[in-house]
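Novice: predicted model, plus sequence, below.
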Amino acid sequence: MASSHYDLKARLARPEPFLFSWMSIPSTHLAAQMARLPLDGVCLDMQHGMIGFSDAVPMIAAINAAGRPAIARILWNEPGLVGQVLDAGAAAVVAPMVNSRAEAEALVRAAKYPPLGGRSWGGYTALQASGLQPAEYLRQANRLTQVFAMIETVVALNNVEAIAATPGLDGLFVGPSDLSITLSNGAAIARTGAATLKAMERIAAAAKANNLVAGAFGGDPERIGIYLKLGYKFITAGVDVDFLQAGAAALVKAVNAN
Ligand code: 3PY
Ligand code: MG
């Protein structure tokens, strides 16, 4: 059977921005709704969201069924967690707090089959979702599963050129909250502060020099615009709870204006 799997790598090779929603609420029903918003994909936040692995499995299936790529921001850069979400059918894994070349290499080892890495075989759900026979899935999996290292500390920033040069890595993903917190030694969350944007320029340059996708957590139109101008392409559009909050606030404002 031909592959029905969404080809995120090919989509990210195109010049248009890739804007995706970010889910913190564990709900398959909501995942199906989010996958039908006019956005390019859905990310499950398994670090700070309330989504565990058994919540994520049917959510990933619902997103795939809607023809959108499922992205998983995992709890930590731990090899078992990387393999689990890819085996469940996620098209991309985003690993938090990758601070060194060695940590980036460990991430790639967990996510990619040989010769790029050492991913363990057993992606039954991913295999079924791909519509491929096992031998063909093995041949294609390394391009069907995109791997992003989060750059979100001063340590990671200082190592970003070495991290970006890790063979098999597909992209860098900036966490501007944590990055600005560490840049200011805990003084502020400054997602568009001067120091943060300067750091983000360096991170985008490292991504570009290694042909990696530059990604960042955006979350509102102003930040998205600023990050796009810095060369970022794979950007969080907004979070489920923020969409609800903004929708309700806009409604109350409109009613009160009458
Ligand atoms: C950050 O901004 O630190 C993130 O991890 C995005 O959620
Ligand atoms: Mg973070």
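Specialist: It's in. Residues are numbered from 1 along each chain as shown. Ligands and ions are numbered 1, 2, ... in the order given.
Novice: now the helices: where do they sit in the protein?
Specialist: Counting by DSSP state H, the chain has helices at residues 8-13, 28-34, 53-65, 79-87, 101-111, 124-130, 134-144, 154-158, 160-164, 176-183, 194-209, 221-229, 240-257.
Novice: buried sites along the helix or strand of the chain with the lowest mean pLDDT?
Specialist: Sorted by mean pLDDT, DSSP states H and E, the helices and strands of the chain end with helix 124-130, the least confident at a mean of 91. For helix 124-130, the neighbour count (16 or more other C-beta atoms under 10 Å) marks 125-127, 129-130 as buried. (Glycine included, C-beta is placed from N, CA and C.)
Novice: could I get these as a markdown table with distance to ligand 2?
Specialist: As requested, those are exported to a markdown table (distance: C-beta to the ion, whole Å):
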| residue | distance to ligand 2 |
| --- | --- |
| Thr125 | 27 |
| Ala126 | 26 |
| Leu127 | 31 |
| Ala129 | 28 |
| Ser130 | 30 |
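Novice: circling back to that earlier point, what helices and strands are in contact with the least confident helix or strand of the chain?
Specialist: With contacts taken as 3 or more C-beta pairs under 8 Å, 6 or more residues apart in numbering; DSSP states H and E, helix 124-130 sits against helix 53-65, helix 79-87, helix 134-144.
Novice: average pLDDT across the second one?
Specialist: When pLDDT is averaged over helix 79-87, the result is 97.
Novice: report how many residues lie close to Ala257.
Specialist: 6 (other C-beta atoms under 10 Å).
Novice: scratch that, Ala10
Specialist: Ala10 has 9 nearby residues by other C-beta under 10 Å.
Novice: find the nearest non-adjacent residue to the closest residue to ligand 1 within the chain, please.
Specialist: Closest residue of the chain to ligand 1, C-beta to the nearest ligand atom: Gly175 (2.7 Å). Leaving aside its sequence neighbours, Gly175 sits nearest to Glu152 (C-beta to C-beta, 6 or more residues apart in numbering; 3.3 Å).
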